[in-house]
Structure formats: C-alpha cells, structure tokens
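Undergrad: this one's structure only:
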C-alpha cells in the first residue's frame, strides 16, 4: 500500500513574540477596470487580458520596461492587475507612467471600433512585503491597503463625474507615497495636481488620508471639507436695515435661462445662486467639497493683441 507523505504547513508566526527581519519595502501598483461586472459576460475574458497588456504598453512607452520585466508578485484580479516594483522608481510610476497610461487608453478606446471603452482606476502604495517568489508572495497589510484604496469612494467618484471620452485614468496615492515622492520633490508633477481625500470603503473598516491624481481631468475633483464635520449651528444673519417706509419690499424669485436663481428681498442688491453644476451627476458619497476643474485659467484681457 502506497504511503502518502504530506508536509505540514509552516507554523504561523505569532506577532510581537520576538524580533525578526522586516520584509523588504516594495512599491505596489494596482489597476482596476470601471464597471467590469456590468459588462456582458462575453467581454470579461477580453478585458481581463487587455488590462495587463495596456499596462505593459504604457510602461514600455514611458521607458519603464524594467519595472515590467522585474515586477514581483504579479497577479490578475479578473478586472484588474497588481504587481510590486522597486520603490526607488515610485516617482516615475506617479509621473510619467500614469499620464502615459491615460494616453495609451485614449488610443485604445478610439480604435476599439464600437467596443465598450476601458477606463481604469489606479492605486499606488509602498510598504514591507515578503517576496517569496511563489503564489503566496507579496501578501501583507500594504497590499491589502492598496486594494482598499483602489475600491475607495473618492477615486470611484472621479470616474463617474468626469467625461468618459476624455478621462480614462483616475489614480489614488497613499499618504506615504505622496509625502515621500511628491512633497519630497522627486516627482515631476506639482503638488497642485493632487487633491487630499479621506479614502473610505463601503462596508469596510477602512479610512486613510490619501491623494487623488487625474492625469487628464474633465470634471470636478473632490477634497475633504474641513467644515463638514462641525456640528455648530451657523450664526443667524443680521436683519436688514429697515427703511422709513413700512411697506414690505417685494419678494423676487426669478429663474434665468442659464439656470441662475435670483432669490431674496430687494434692498438695493440681490443674491444670485446657481443650482446647476456643469458636468455629470455623481451619486453617493463624493468625499466633500468640489475643488473644480484643473484646467488652464485666462487672466487679464483675453483679446489683447487681436484688435
């Protein structure tokens, strides 16, 4: 009778019982396709194959092919892809890779000949992860947090609120990545390209400070409103000065064709509020105050030199 000998699994290391070497720090990049589960089943395999190929194309176009060839714990997640890389390359992953990925997706979606476009969320993080070289490599808190950032409300809200034909990539950086690579001055993108958010995930005990970066914005970006958490009631407005005429002033409520709503009592001046916001409507938690479109602004006389 044949004997079967099975190796017992290694004992799970108990934390804080004795000191041991810290695993090497790895940069982690994860991407995820928007609305993957809403696609017809026949498209799932094609999208699963396309996502890593698009990522590879972007890395080579950005002259970062070494990151692809030397990547660690590469894993397809079905609707996305994740891998580890040398953390010294973090500034280049933030820029130019994310901008190049936006360009690659633009080319792909224009030439997709009627197929549903692929838009990606991306998360970038760094932390200690074991690199054992097998199927269990790269597991740890840093990797878990990378996935949580990818699924967080703010980065999902960006792709919903931005134009599908323009914005194909929305990225979220962990606070550690932002502080080390961006604030440290190593990334070729100014700090004003990044918006602070509170990254939370629905039905998950996760909340971290993070930073949104959109290489090609076409709608509002969101940031944490510091006044949103206050519970204090606003001070009542001072009553308008009464004139000697006791006749009540007329109430004005006019809606202009452009959507401006003129409300209030007329005492020489009027208050105007616009109840329409340009751009797509975003459902759910939008993570705070509208930062606004990050486009170029024209200052001064824009017709100067044309007269």
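TA: Everything's here; your move. Note that the structure is a prediction, hence the values are computed from the model and not measured.
Undergrad: what about the stretch 151-300 of the chain, any weak spots by pLDDT?
TA: 222-300 (pLDDT under 70).
Undergrad: so what does the helix or strand containing residue 155 touch, helix or strand wise?
TA: Secondary structure from DSSP states H and E places residue 155 in helix 153-161. Where contact means 3 or more CB pairs under 8 Å, 6 or more residues apart in numbering; DSSP states H and E, helix 153-161 is packed against strand 120-128, strand 169-174, strand 194-200, strand 207-213, strand 221-223. For the C-beta atoms, the positions are set from N, CA and C on the backbone; glycine is no exception.
Undergrad: change it to 6 Å
TA: strand 169-174 (3 or more CB pairs under 6 Å, 6 or more residues apart in numbering; DSSP states H and E).
Undergrad: what's in contact with the strand it packs on?
TA: By CB atoms under 6 Å, 6 or more residues apart in numbering, the residues outside strand 169-174 that reach it are 98, 101-102, 120-125, 149, 155, 158-159, 210-215.
Undergrad: what's in contact with the longest helix seen in the chain?
TA: If you go by DSSP state H, the chain has its longest helix at helix 41-61. Helix 41-61 has contacts (CB under 6 Å, 6+ apart) with 33, 65, 67-68, 78, 81, 100-101, 104.
Undergrad: So which of these is the closest to residue 190?
TA: Sorting the contacts of helix 41-61 by distance to residue 190 puts residue 100 at the head of the list, at 18.0 Å, by CB to CB.
Undergrad: For that closest one, pull up the helix or strand it's in.
TA: Per DSSP H and E: helix 98-110 holds residue 100.
Undergrad: okay, the angle between that helix and strand 120-128?
TA: Counting by axes from the mean of the first three to the mean of the last three CA atoms, to 10 degrees, helix 98-110 points 150 degrees away from the direction of strand 120-128.
Undergrad: Just the residues contacting helix 98-110, thanks.
TA: Under CB under 6 Å, 6+ apart, the answer for helix 98-110 is 54, 57-58, 61-62, 117, 168-169, 171, 215-216.
Undergrad: and that helix, which residues are buried?
TA: 98-106, 108-109 (16 or more other CB atoms under 10 Å).
Undergrad: Over to stretch 172-191?
TA: Per 16+ other CB under 10 Å, stretch 172-191 contains these buried residues: 172-174, 176-178, 180-182, 187, 189.
Undergrad: before we move on, what about stretch 55-67?
TA: 55-59, 61-62, 64, 67.
Undergrad: swap in stretch 118-133?
TA: 118-127, 129-130.
Undergrad: Nearest to residue 19 among the buried residues of helix 98-110?
TA: When the buried residues of helix 98-110 are compared against residue 19 (criterion: CB to CB), the nearest one is residue 98, at 37.8 Å.
Undergrad: Please tell me the pLDDT value assigned to residue 112.
TA: Residue 112 carries a pLDDT value of 79.
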